[in-house]
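Chemist: Predicted coordinates and the sequence they were generated for:
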Amino acid sequence: MTVETSEARQGGKRLRRLQTFLDVAYAVLFVEFFFQYLPRTEDMAWEALRYGLLSLLIENSVDILRLIIAVGLTLISWNLTQKLLGPLTQTDAKHTTLALFQLIFVCMFLFFAIADPALESVSSPVGQSICLAISGFIGLGGFAYARKKGFADPDLSDAKIVEVVRGASIEPTTALLNTGLAFVGPGAWTLGWFLIPVAVIQIRKRLPSEGGASLP
């Protein structure tokens, strides 16, 4: 029977606090996007429209699409943190710092998204893609560090660890590749978030399986 050390217990408590903090932070980002992109209804001008609120949504369909993309990407980023923190049993100051840096770049993604919701400047989609890519790769680096420090659940097999890393790398890889489509146009960039992950997954299926191979 393995005796849990005091350091391991403290690391476990720190991990739970980190997870709670990140959950709250992502919830705030989620709500912020709704306030930013949903049509304004305070003046009740929508009452004069033919279909009322439905007409308002139709007239602002582009903003609604931006909302779906923004909220979707925020949820994907949150899910990425869950993938990379879930297999861990504890954390330390360095790993926590990396997780917070990951969140900072997600907040920068929010800045670019809110500053130019209509994507009138190419700097907005480029900034959003780069921020999400950096955030994801920082998360992967943090997971590699935590695994090297022995923070991963010892019951997890090497094959499961490989599966976690391969799955978590889809998001930042998509964001990085989609940076180029930002220079093609807003429509291409928007479609890229749907098409690139499918292409990445299909390509990986054709690659030789890593099976139980160990990770660095």
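Modeler: Received the coordinates, thanks. Numbers count the residues shown, from 1 in each chain.

Chemist: rest of the way, CA atoms for contacts and neighbours
Modeler: Fine.

Chemist: now the protein, which segments are flagged as low pLDDT?
Modeler: 1-4, 42, 46, 208-216 (pLDDT under 70).

Chemist: who touches the residue lying farthest from the centre of it in this structure?
Modeler: In the chain, the greatest distance from the average C-alpha position (CA atoms, centre = their mean) is reached by residue 48, at 39.5 Å. Applying CA atoms under 8 Å, 6 or more residues apart in numbering to residue 48 gives no contacts.

Chemist: at 10 Å instead, please
Modeler: Applying CA atoms under 10 Å, 6 or more residues apart in numbering, one finds that residue 48 lies in contact with residue 55.

Chemist: Longest helix in this structure, by number of residues?
Modeler: Criterion DSSP state H: the longest helix present in the chain is helix 6-37.

Chemist: Need the CA coordinates for whichever helix or strand comes after that helix. PDB is fine.
Modeler: On the C-terminal side of helix 6-37, the nearest following helix or strand under DSSP states H and E is helix 53-59. Output in PDB follows, covering the C-alpha atoms of helix 53-59 (Å, rounded to 0.1, in the frame of the first residue of the first chain):
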ATOM      1  CA  LEU A  53     -37.300  38.900 -31.400                       C
ATOM      2  CA  LEU A  54     -37.000  36.300 -34.100                       C
ATOM      3  CA  SER A  55     -36.500  39.000 -36.700                       C
ATOM      4  CA  LEU A  56     -33.900  40.600 -34.500                       C
ATOM      5  CA  LEU A  57     -32.000  37.300 -34.400                       C
ATOM      6  CA  ILE A  58     -32.300  36.900 -38.200                       C
ATOM      7  CA  GLU A  59     -31.000  40.400 -38.800                       C
END
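
Chemist: 39 is where my numbering starts, stick with that
Modeler: Will do, 39 is the new start, and the previous item becomes helix 91-97.
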